[in-house]
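*Asks:* Curious how this folds, go ahead:
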Amino acid sequence: MKKSFISIIAVAAIAILAFFTYNSLFTSKAAPQVTFNSIDGRTFETDDLRGKVTMVKFWATDCVTCMKQMPDTVAHHEQYQPQGFETIAVAMKHDKVDAIQRLIDDRGYKFTIVHDADGSIAEAFGEVRFTPVAFLYDRNGKLVKSYIGDYDTDLFIADLERALAQS
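*Replies:* From the prediction side, this is the model:
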């Protein structure tokens, strides 16, 4: 009896935490103002992305789902970049720069990769704590949609193409 009560309390606590995390991810309408420092040494602001449809994707080198999604992320970037699509892949603060760089070198990622060394970018985007989480923004920096976990690629492409079609 005591074990089942504790289990119920644990499940309820997880559900409440998930609800508030989910809520914080979906309530922001505009991209937060942050400074990105890319692995290749470029520094840019959120405002520098205006005019482009942008995906900001939080990932980790030790995240199985993130690594499974990377080939799709690469393909989407290559296919849609000429139409004004930008991909910003934000590695979590626990990732090591050498592990990130090794992946870039081994897999030839051509999109922008940022290391969120102090966790400030994840905090600005709604206290992102797990991966993968992706945010799709339109050309005006307004949130189109958020994606959590192993999202539906066809749905993402439909959202992306709709955002690209808008001027």
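
*Asks:* just the strands in the protein please.
*Replies:* Counting by DSSP state E, one finds strands in the chain at the ranges 35-37, 43-45, 53-59, 85-91, 112-115, 133-137, 143-148.

*Asks:* out of those, nearest to Ile121?
*Replies:* Nearest to Ile121, of all these, is strand 85-91, at 5.5 Å by Cβ to Cβ. C-beta here means a position set from N, CA and C on the backbone, and glycine is covered the same way.

*Asks:* Next, the angle from the closest one to strand 53-59.
*Replies:* Compare the direction of strand 85-91 with that of strand 53-59 by axes from the mean of the first three to the mean of the last three Cα atoms, to 10 degrees and you get 20 degrees.

*Asks:* so for strand 85-91, what's the average pLDDT?
*Replies:* The pLDDT scores in strand 85-91 average 98.

*Asks:* So which other helices or strands are in contact with it?
*Replies:* Strand 85-91 makes packing contacts with strand 53-59, helix 64-80, strand 112-115 when contacts are defined by 3 or more Cβ pairs under 8 Å, 6 or more residues apart in numbering; DSSP states H and E.

*Asks:* strands paired with that strand, and their directions?
*Replies:* Using DSSP bridges, the strands paired with strand 85-91 are strand 53-59 (parallel), strand 112-115 (parallel).

*Asks:* Pick the most buried one from those strands.
*Replies:* Highest mean neighbour count among those (mean count of other Cβ atoms under 10 Å): strand 53-59, with a mean of 24.
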